[in-house]
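A.B. asks: here is my input, please return the structure:
(3 chains)
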Amino acid sequence: MDYRSVETAQEYVCRLDHGADWRGEIEKLADEEGVDAAFFYGLGAVQDAEVWFYDQDRQEYDSMVFSEPLEVAACVGNVSWLEGERFAHTHAVLSRPDGEAIAGHLNSATVWAGEVYVRAFDTHLEREHDEPTDLDLWEL
Amino acid sequence: MDYRSVETAQEYVCRLDHGADWRGEIEKLADEEGVDAAFFYGLGAVQDAEVWFYDQDRQEYDSMVFSEPLEVAACVGNVSWLEGERFAHTHAVLSRPDGEAIAGHLNSATVWAGEVYVRAFDTHLEREHDEPTDLDLWEL
Amino acid sequence: MDYRSVETAQEYVCRLDHGADWRGEIEKLADEEGVDAAFFYGLGAVQDAEVWFYDQDRQEYDSMVFSEPLEVAACVGNVSWLEGERFAHTHAVLSRPDGEAIAGHLNSATVWAGEVYVRAFDTHLEREHDEPTDLDLWEL
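C.D. replies: As a prediction, the model looks like this:
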């Protein structure tokens, strides 16, 4: 396992804008505050969501669109650099009126309400192409 | 996006009481320790659960009661003030014997066993009525 | 509720090894770094997973094996000592190509890709047998 010991640079309590994009909001904070590495988690609700599943055989993401209101039961992710931009790698567990849970990589979602805790580190994390998985991963 | 830079006042590793209410346990810690703002996450199991889903059209919560043992696969939330009391806004992903996941806003649940990490900030967070969502949200 | 005020000893951003065991990777970090107490959360994908559900009546874990690629939508857990070894108590919410979520206690899973934030505390946590639940829990 590769790991890096980090120190906290700054911590943020965030309220995402109603009607904005969930992931975009986190990237906006990162840009505004100059965050080059962070982990975050949060909760809330969205008006719709685009969720991705990574097909490990084909090594491609498949996209699912849920055009319906969903709770964000749990959202976990991190911020690092990808191809010259700050990228919020975001996973989420969403839920329907009957409690049914839907989960995966959250590409986009329209915020109904969102509360996120962001913990920024005093380091720089960069994603680069990883051969075995065909994903963009960190060198630590 | 609205956000506030915060500093950590205190951190707690918690074991929730068997038979107590999951959310009530976190609010009890907040009251005992004078926590006015926090984020937390944890895991465990419950004997039953009342889960809420927010209907964005009717702008009302609907309640579901699950009278059965469930794993707490993930629990994410925060503590702030609401109408003169400390309130633990709690979301959870629960699961059944076959692995089926149920998720949403966790209003109450009887603890079988619970392990939670609480991170208290040296700030004061207060919820107030938000017009567009009809929810109680923070001014940051 | 029992709780302990803790201070952070060290923080780690981790990339789990492709092909390794998810929980084993976290325990390996804990051993290498001498971590005696920690909480962690993360996200990623696995090639298969063994998920446990605790039967509260029989007071035994039942095991389910999912021999298929799954996203790790959320993973939450902690590190402490159990019977002379560092143990990463790990829960996870996994998901399938159609977004269906599966969740519970994650005993093992083959890492496809994993990103985990580990927060180590300057304390020692030890699990001991708890009579009412027949689980190994902390004395705090």
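
A.B. asks: gap between the spatially most central residue of chain A and chain B?
C.D. replies: Centroid-nearest residue in chain A: residue A:90, 1.7 Å away (criterion: CA atoms, centre = their mean). To chain B, residue A:90 is 14 Å away according to CB to the nearest CB, to the nearest Å. Placement of C-beta: from N, CA and C, glycine included.

A.B. asks: ok, that residue touching residue A:25?
C.D. replies: No: counting by CB atoms under 8 Å, residue A:90 stays clear of residue A:25, with 10.3 Å between them.

A.B. asks: around chain B, pick out the residues from chain A.
C.D. replies: Residues of chain A lying close to chain B (CB under 8 Å from any CB of the partner chain) are A:10-18, A:20, A:25, A:28-29, A:41-43, A:45, A:47, A:69, A:71-75, A:93-101, A:103, A:112-113, A:115, A:117-118.

A.B. asks: give the buried subset of these as a PyMOL selection command.
C.D. replies: Here is the PyMOL command that selects the buried residues among the residues of chain A next to chain B (16 or more other CB atoms under 10 Å in any protein chain shown):
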select buried, chain A and resi 10+11+12+13+14+15+16+17+18+25+28+29+41+42+43+45+69+71+72+73+74+75+93+94+95+96+99+100+101+103+112+113+115+117+118
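
A.B. asks: near chain C, which of the residues of chain A next to chain B show up?
C.D. replies: Filtering the residues of chain A next to chain B for neighbours of chain C using CB under 8 Å from any CB leaves A:41, A:74, A:75, A:93, A:101, A:103.

A.B. asks: determine which two of these are furthest apart.
C.D. replies: A:41 and A:101 (16.5 Å; CB to CB).

A.B. asks: so which residues of chain A form strands?
C.D. replies: Assigned by DSSP state E, chain A shows strands spanning A:2-6, A:8-16, A:38-55, A:60-66, A:70-82, A:85-95, A:101-121, A:127-130, A:135-138.

A.B. asks: as CSV, the ones you listed with mean pLDDT would be great.
C.D. replies: Shown next, in CSV, are the strands of chain A (pLDDT from 0 to 100):
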stretch, mean pLDDT
strand A:2-6, 98
strand A:8-16, 97
strand A:38-55, 98
strand A:60-66, 98
strand A:70-82, 98
strand A:85-95, 98
strand A:101-121, 98
strand A:127-130, 97
strand A:135-138, 97
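
A.B. asks: show the contacting residues for residue A:123.
C.D. replies: A:4, A:6, A:7, A:36, A:37, C:13 (CB atoms under 8 Å, 6 or more residues apart in numbering or on different chains).

A.B. asks: what's around the spatially closest residue to the fourth one that is not a sequence neighbour, how many residues?
C.D. replies: The spatially closest residue to residue A:36, leaving aside those adjacent along the chain, is residue A:124, at 4.4 Å (CB to CB, 6 or more residues apart in numbering or on different chains). The burial count assigned to residue A:124 is 9, neighbours taken as other CB atoms under 10 Å in any protein chain shown.

A.B. asks: distance of residue A:124 from chain C?
C.D. replies: 11 Å.

A.B. asks: now for that residue: which residues touch it?
C.D. replies: Listed by CB under 8 Å, 6+ apart, the contact partners of residue A:124 are A:36, A:37, A:81.

A.B. asks: skipping adjacent residues, who's closest to residue A:135 in space?
C.D. replies: Per CB to CB, 6+ apart, closest to residue A:135 is residue C:113, 5.5 Å.

A.B. asks: next: residue A:72.
C.D. replies: Excluding the flanking residues, the one nearest residue A:72 by CB to CB, 6+ apart is residue A:44, at 4.5 Å.

A.B. asks: right, and that neighbour touches residue A:16 too?
C.D. replies: Yes: counting by CB under 8 Å, residue A:44 touches residue A:16, with 6.8 Å between them.

A.B. asks: overlap in contacts, these two.
C.D. replies: Counting by CB under 8 Å, 6+ apart, the shared contacts of residue A:44 and residue A:16 are A:22, A:111, A:113, A:114, A:115, A:116.

A.B. asks: just put these in CSV and tack on distance to residue B:136.
C.D. replies: Formatted as CSV, those follow (distance: CB to CB, whole Å):
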residue, distance to residue B:136
A:22, 20
A:111, 16
A:113, 10
A:114, 14
A:115, 11
A:116, 17
